[in-house]
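Student: any chance you can model this:
(one chain, ligands or ions: 1)
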Amino acid sequence: MLRTLREFTLAESPSTEKAAADRCAELIAAEWRKRNVLVNLIRQKSRGNHIRIEWRPPSQNRSGQLFVLGHYDTVYAVGTLRKVPFTLRNGKVFGPGVFDMKAGIVQALFALDALRSLKAPVRKQVVFLWTSDEEIGSESSRKLLEAEARRSDAVFVLEPSFGPRGLLKTARKGVGEAELTVYGKASHAGLAPQEGVNAVHELALQISKISQWNDLRRGVTVNADIVLGGTRVNVIAESACATIDLRALYTADMRAVEKKLKSLGPILPGAKLEITGGFNRAPLEHKYSAALFARAKKLASQMGVSLGECTAGGGSDGNFTAALGIPTLDGLGAVGDGAHSTHEHVIARTMPERAALLAALLAAS
Ligand SMILES: [Zn+2]
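Tutor: Purely as a prediction, here's the structure:
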């Protein structure tokens with residue numbers, strides 16, 4: 001498993017560098033082709049090619065489909081390996097993208113090997129999809145993965161688990177970004193203050209209004225994280241804008257926040273507002289993962305592993321599949337820590353265990 005993980009990691013694959021990503025996709029595809037499965041590279045113009053793998057287990061009365069989903073792109077530019085080489089130290093594997101989520105792809109590969117060599121009676125066709133742009137919003141892969149999810153009875157997402165115990169992610173917040181632009185009227189702050197409409201003041205009023213929508217108990221957060229406005233100290237600000245991070249744990253709350261955003265009106269006379277953006281991923285609500293998690297927990301306990309769950313504040317492609325109403329279990333990938341940082345790592349000894357859990361889930365679903 002480590003040898004394969006090393007091979008996948010040495011092929012650096014940032015979401016935004018197509019040539020490099022394509023080389024990584026080729027490598028991953030070649031590894032799957034050795035397994036007597038159907039492998040298709042789905043060509044992309046500006047992003048890396050997506051990899052779709054179809055396995056038809058040799059079962060008598062096969063019906064339905066299981067969907068294993070993940071991404072091979074990383075947040076690291078080509079050359080990161082020179083600073084953060086692939087290394088195994090004290091049982092931890094370091095390297096760009098090992099945890100998020102190349103080890104997950106390796107685990108899926110070995111889960112397939114296990115099922116095939118044991119001739120386990122898998123009752124459904126299994127589709128694996130490794131996409132190239134999850135880290136930048138899944139623009140080129142969203143339709144594809146949604147179509148695959150609609151054909152499936154369950155989705156298993158191989159995003160990293162959480163914390164040293166490897167908690168699965170049974171709920172994820174919906175995530176969005178909105179931009180609020182205020183147009184006022186410029187005027188001399190000393191000579192004609194009565195003629196100006198201060199866009200910065202208007203924006204400040206709007207932000208204090210918006211900040212009251214926060215409800216940590218229900219998992220709603222609204223944060224103006226970037227603000228820009230004004231030109232010079234003696235000029236009443238003509239325009240100002242804020243970029244607002246939006247998160248909600250429940251679809252109903254997401255809708256409510258979107259509605260309130262759209263119905264914002266100017267507070268100062270003469271000010272104008274423009275609101276763009278909104279939620280990009282709907283929440284992965286717990287109700288779509290509960291039954292699958294119960295199954296995973298039971299299977300894990302049969303292997304002597306205690307499995308826990310948690311809620312993630314960030315989204316993944318699992319949000320898209322759950323939003324379609326398809327049962328989705330996320331965080332089934334690597335156990336480790338430090339995603340998107342220089343200390344990103346995987347706990348090596350957990351890799352076979354998590355591969356076995358995925359294999360068991362595919363056989364039992
Ligand atoms: Zn990821």
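Student: identify the residues contacting the residue in the chain that the ion sits nearest to.
Tutor: Nearest residue of the chain to the ion, counting by Cβ to the ion: residue 100, 4.2 Å away. From N, CA and C alone the C-beta is placed, and that goes for glycine too. Contact analysis of residue 100 by Cβ atoms under 8 Å, 6 or more residues apart in numbering lists 74-75, 159-160, 334, 339-340, 344.
Student: pull the most distant pair out of those.
Tutor: 75 and 334 (15.4 Å; Cβ to Cβ).
Student: more neighbours: which of these two?
Tutor: Between residue 75 and residue 334, residue 334 has the larger neighbour count (other Cβ atoms under 10 Å), namely 32 against 17.
Student: wait, the more buried one touches residue 105, no?
Tutor: No. Contact criterion Cβ atoms under 8 Å: residue 334 and residue 105 do not qualify, at 9.6 Å.
Student: number of nearby residues for the residue lying closest to residue 349 once chain neighbours are set aside?
Tutor: Spatially, and ignoring its direct neighbours in sequence, residue 349 is nearest to residue 91 (6.2 Å; Cβ to Cβ, 6 or more residues apart in numbering). Residues contacting residue 91 under the criterion other Cβ under 10 Å number 11.
Student: kindly report the same for the one 3 residues further on.
Tutor: Using other Cβ under 10 Å, residue 94 has 20 other residues around it.
Student: residue 243 now?
Tutor: Neighbour count for residue 243, taken as other Cβ under 10 Å: 15.
Student: again with residue 310
Tutor: There are 15 residues near residue 310, going by other Cβ under 10 Å.
Student: give me the pLDDT for residue 60.
Tutor: Confidence at residue 60, expressed as pLDDT, is 73.
Student: in a helix, that's where it is, yeah?
Tutor: No. Counting by DSSP: H, G, I helix; E, B strand; the rest coil, residue 60 is located in no helix; its state is coil.
Student: quick one: it from residue 122, how far?
Tutor: 12 Å (Cβ to Cβ, to the nearest Å).
Student: likewise for residue 99?
Tutor: The value you get for residue 99 to residue 122, if Cβ to Cβ is used, is 28 Å.
Student: more crowded one of those two?
Tutor: Ranked by neighbour count (other Cβ under 10 Å), residue 99 and residue 122 place residue 99 first, with 30 against 22.
Student: my guess is that one meets residue 347, correct?
Tutor: No. Shown here, residue 99 and residue 347 do not form a contact pair, counting by Cβ under 8 Å, at 9.3 Å.
Student: overlap in contacts, these two.
Tutor: Listed as contacting both residue 99 and residue 347 by Cβ under 8 Å, 6+ apart are 334, 336.
Student: the ion contacts on this protein?
Tutor: The chain comes close to the ion at residues 100-101, 159, as judged by Cβ under 5 Å from the ion.
Student: if you set the cut-off to 8 Å instead, what comes out?
Tutor: Listed as neighbours of the ion in the chain under the rule Cβ under 8 Å from the ion: 70-71, 100-101, 134-135, 159-160, 316, 339.
Student: which two from the residues you listed end up farthest apart in space?
Tutor: 70 and 339 (13.5 Å).
Student: who's more crowded, these two?
Tutor: A count of neighbours by other Cβ under 10 Å puts residue 70 above the other of residue 70 and residue 339, at 26 against 20.
Student: got a list of what the more buried one touches?
Tutor: 101, 104-105, 108, 128-131, 134, 157-159, 333.
Student: looks to me like the residue of the chain closest to the ion is in a helix.
Tutor: Yes. When three-state DSSP is applied, residue 100 is found to be in a helix.
Student: can you dump the C-alpha atoms of stretch 300-309 in PDB for me?
Tutor: C-alpha atoms of stretch 300-309 as PDB (Å, rounded to 0.1, in the frame of the first residue of the first chain):
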ATOM      1  CA  ALA A 300     -16.000  -2.300  12.200                       C
ATOM      2  CA  SER A 301     -16.900  -3.800  15.600                       C
ATOM      3  CA  GLN A 302     -16.800  -7.200  14.000                       C
ATOM      4  CA  MET A 303     -13.200  -6.400  13.100                       C
ATOM      5  CA  GLY A 304     -12.500  -5.200  16.600                       C
ATOM      6  CA  VAL A 305     -12.400  -1.600  15.600                       C
ATOM      7  CA  SER A 306     -14.500   1.000  17.400                       C
ATOM      8  CA  LEU A 307     -15.800   3.600  14.900                       C
ATOM      9  CA  GLY A 308     -17.000   7.100  15.800                       C
ATOM     10  CA  GLU A 309     -18.600   9.900  13.900                       C
END
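Student: what are the buried residues along that stretch?
Tutor: Under the neighbour-count criterion of 16 or more other Cβ atoms under 10 Å, stretch 300-309 has 300, 305, 307, 309 buried.
Student: which of the residues of the chain next to the ion has the most neighbours?
Tutor: Result: residue 71 is most packed of the residues of the chain next to the ion (other Cβ under 10 Å), 30 neighbours.
Student: how about it, phi and psi?
Tutor: Here the main-chain torsion angles of residue 71 (degrees, to the nearest 10) amount to phi -140, psi 150.
Student: show the pLDDT at it.
Tutor: pLDDT, residue 71: 98.
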